[in-house]
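[1] Sequence first, predicted coordinates after that:
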Amino acid sequence: MKLDRRGFIGAGVATAATLSAPMVIGAGHGKPRVVVIGGGAGGATAARYIAKDSAGAIDVTLIEPTRTYYTCFFSNLYIGGFRDFASIGHSYGTLAAEYGINVIHDWAIGVDRDAKSVTLAGGSKVLYDSLVISPGIDFIEGSVPGWDITSQNAMPHAYKAGSQTQLLKAQVEAMPAGGTFAMVAPPNPYRCPPGPYERVSMVAHLMKKINPTGKILILDPKAKFSKQGLFEEGWGKHYGGMIDRIDPDFGGANIEVRPDTMEVVIDGEVEKVDVCNVIPAQKAGRIVEIAGVIDGNWAPVHAADMRSKLDDNIYVLGDSSAQGDMPKSGFSANSQAKVCAMAVRGSLTGSAIFPARFSNTCWSLIDTNDGIKVGASYEATDAKIAKTSGFVSQTGEDDALRQQTYEESVGWYAGISADIFG
Amino acid sequence: MPVHAQADVEEGAKLFRRCFSCHMLGVNAFNRTGPHLNDLFGRAAGSVEGFQYSDDMNRAAAGGLIWDVDNLDAFIENPKNLISRTKMRFNGIANPKDRANLMAYLRQFSDNPSNIPEADPTLQARDPDIDPDILAIKGDPEYGAYLSGECVTCHQTGGGDDGIPSIVGWTQLDFVTALQAYKSEHRNHPLMQLMAKRLSNEEIAALAAYFETVER
Ligand SMILES: Cc1cc2nc3c(=O)[nH]c(=O)nc-3n(C[C@H](O)[C@H](O)[C@H](O)COP(=O)(O)OP(=O)(O)OC[C@H]3O[C@@H](n4cnc5c(N)ncnc54)[C@H](O)[C@@H]3O)c2cc1C
């Protein structure tokens, strides 16, 4: 793999960066500097833990373009009507005010690994000793024929939360009676393996209330999916007959979409739909590629500390990383960030480094008070983050247990939000 | 040898004096401070109509806790073994023989003796007793602080407890008791069993030492 160690988005930007004397942040400074790109589940956790545990000994800068981060987790519950939109939004105020993190609302557009600096869209440069990158995912162009990012208003992905999520919900609410909601599900690997199927459940819950004769069509390139038995049992129980899934045997992998005419073409057959949620194939956030720490679609990292296999001063967290067995989830990103924060502190200040511990649990809501979960713990081996043991909800569980499982997820949301944003 | 054959029912009746200020048995039994204990064996925990159980008991009940010999034995030995903040204000009965006698007496009021496994009580499959050496381990709070990172994804450090119980500000003894009960599968919650099973006794002590210092 040959990549320039000085990557930039587009030539125009490179010109801007070479304009006379751009502002340089962090020059001539005594303390070790950590720069974090991306204020999501991975990045904000890492910034918070490094700042909190180093108690001022490390200078932490967090680069994140948005002022309010809407979590993808629980965004499906917003679609189902179980959460309001404001309740899944989080600001960076506490991280800045209480943890002394220097939060810069801008895009990182370049990384110079020799000079150890990050270039911002605004033109300034930020110097680092260690760089943590956690930019989530980007979509693979052309993975769903007929769809590109300019089609996202006609056919939303809603796989980065925010206005896309609101748009998708509004479209479901505006569907004609008896209309069809189609979802083009993504191929592996993608963020949140049960996410598309929880979404289908929540759309079905909403439609059962406002559009009970409507239909849901899942076009799936995968033969199997996460918690499949549990979802299918729940769909049968709560939404009998509403949901159809077309798997690869029946053409689910041979899909084209036509955003202009709201059609999907399934194995050559044209179908008219009213809402189409296209979740394309995924890869690491673009900045990972620009920094040149990518191999294929993802960034390879060492399991013990999330350090890039391609640059010792860079760590890659969360969805973007190729770490081994952990699913791409907010829980995983948060778990990896804490291990990484300890390692970064250790390498910059000599603080104690304990052995890495990772875990993940993903809850999904099928219908009111019908929650399920899957979880596992992991350890770092030389080759990868390896799963050690796990558990999963069972089919046929009674209502009380399912309700308890849902209530747990509400507690988890409060817990992880506080752990990420302070 | 079956549990009832070996245990002394009369001794058990005497021991029940330690319970009857709160619990009633027999034909006219009604709920007092505690629920009545008729038909206790095989009964789902927290299931007596009209009795207001603690949140923790309700949670254990939703998780599927059944009063079989093992679970009862663990509960009577130390109620906090199974239910950390139970409303049952009772320190427990340490002597296993006393517990076996008491259970044999209680069983007389359950017309469903087939729910009792035909096993010698001293051969219980799972031993709720926690080795005193484990309880004596002094935990390292700094290590506990690091390990706690894994817990606070779910358990809020601010002490909030909607959906997931709060674990800050507990005594170390209660904390270790609860975690050891998941580790030994006495508490039936697959997620917490998974968490607890990969913690060594030293790590559990370290966590207990750390969380005791966290203020709500
Ligand atoms: C519908 C849905 C449901 C989900 N449900 C769950 C769930 O129940 N549980 C769970 O654990 N996970 C869930 N997930 C997955 C979870 O949201 C992600 O795995 C998690 O957010 C990944 O964290 P991250 O830090 O890798 O990326 P993100 O959280 O996406 O954060 C990336 C951040 O980086 C910023 N960024 C990107 N590029 C740049 C740049 N060049 N410069 C500066 N900033 C940049 C972005 O603005 C963003 O804020 C769900 C996902 C979806 C889509």
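    Yep, that arrived.
[2] which residues of the stretch 101-250 of chain A fall in helices?
    A:163-173, A:195-210, A:228-239 (DSSP state H, counting those that start in this stretch).
[3] Can you tell me which of the ones you listed is nearest to A:Gly56?
    Ranking the helices of the stretch 101-250 of chain A by proximity to A:Gly56 (C-beta to C-beta) places helix A:163-173 first, at 37.2 Å. Placement of C-beta: from N, CA and C, glycine included.
[4] Next, the angle helix A:195-210 makes with the closest one.
    Taking axes from the mean of the first three to the mean of the last three C-alpha atoms, to 10 degrees, one finds helix A:163-173 and helix A:195-210 inclined to each other by 40 degrees.
[5] so for helix A:163-173, what's the average pLDDT?
    Across helix A:163-173, the average pLDDT comes to 98.
[6] How about residues contacting it?
    A:70, A:75, A:78-79, A:85, A:152-153, A:156-158, A:181, A:203, A:206-207, A:210, A:274-275, A:277 (C-beta atoms under 8 Å, 6 or more residues apart in numbering or on different chains).
[7] could I have it exported to CSV, CA atoms only?
    This file holds the C-alpha atoms of helix A:163-173, laid out as CSV (Å, rounded to 0.1, in the frame of the first residue of the first chain):
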residue,chain,number,x,y,z
SER,A,163,-31.2,15.5,10.1
GLN,A,164,-31.1,12.2,8.2
THR,A,165,-32.9,10.4,11.0
GLN,A,166,-35.6,13.1,11.2
LEU,A,167,-36.1,13.0,7.5
LEU,A,168,-36.6,9.3,7.5
LYS,A,169,-39.1,9.5,10.3
ALA,A,170,-41.0,12.3,8.5
GLN,A,171,-41.1,10.2,5.3
VAL,A,172,-42.6,7.2,7.2
GLU,A,173,-45.2,9.5,8.7
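[8] Just the buried residues of that helix, please?
    Burial within helix A:163-173, assessed by neighbour count using 16 or more other C-beta atoms under 10 Å in any protein chain shown, is assigned to A:Gln164, A:Thr165, A:Gln166, A:Leu167, A:Leu168, A:Lys169, A:Gln171, A:Val172.
[9] so which of those residues comes closest to the ligand?
    For the buried residues of helix A:163-173, the residue nearest the ligand by C-beta to the nearest ligand atom is A:Thr165; the value is 7.9 Å.
[10] any idea how far that closest one is from A:Gln336?
    A:Thr165 is 25 Å from A:Gln336, where distance means C-beta to C-beta, to the nearest Å.
[11] quick one: pLDDT of whichever residue of chain B sits closest to the ligand?
    Nearest residue of chain B to the ligand, counting by C-beta to the nearest ligand atom: B:Thr153, 9.3 Å away. According to the prediction, B:Thr153 has pLDDT 96.
[12] Please report how far A:Val111 lies from the ligand.
    From A:Val111 over to the ligand the distance is 10 Å, taken as C-beta to the nearest ligand atom, to the nearest Å.
[13] In terms of helices and strands, where is the most far-flung residue of chain B relative to its centre?
    In terms of distance from the mean C-alpha position of chain B, B:Glu142 ranks first, at 28.9 Å (C-alpha atoms, centre = their mean). Under the criterion of DSSP states H and E, B:Glu142 resides in helix B:141-148.
[14] What is that helix packed up against?
    Packing partners of helix B:141-148 (3 or more C-beta pairs under 8 Å, 6 or more residues apart in numbering or on different chains; DSSP states H and E): helix B:201-213.
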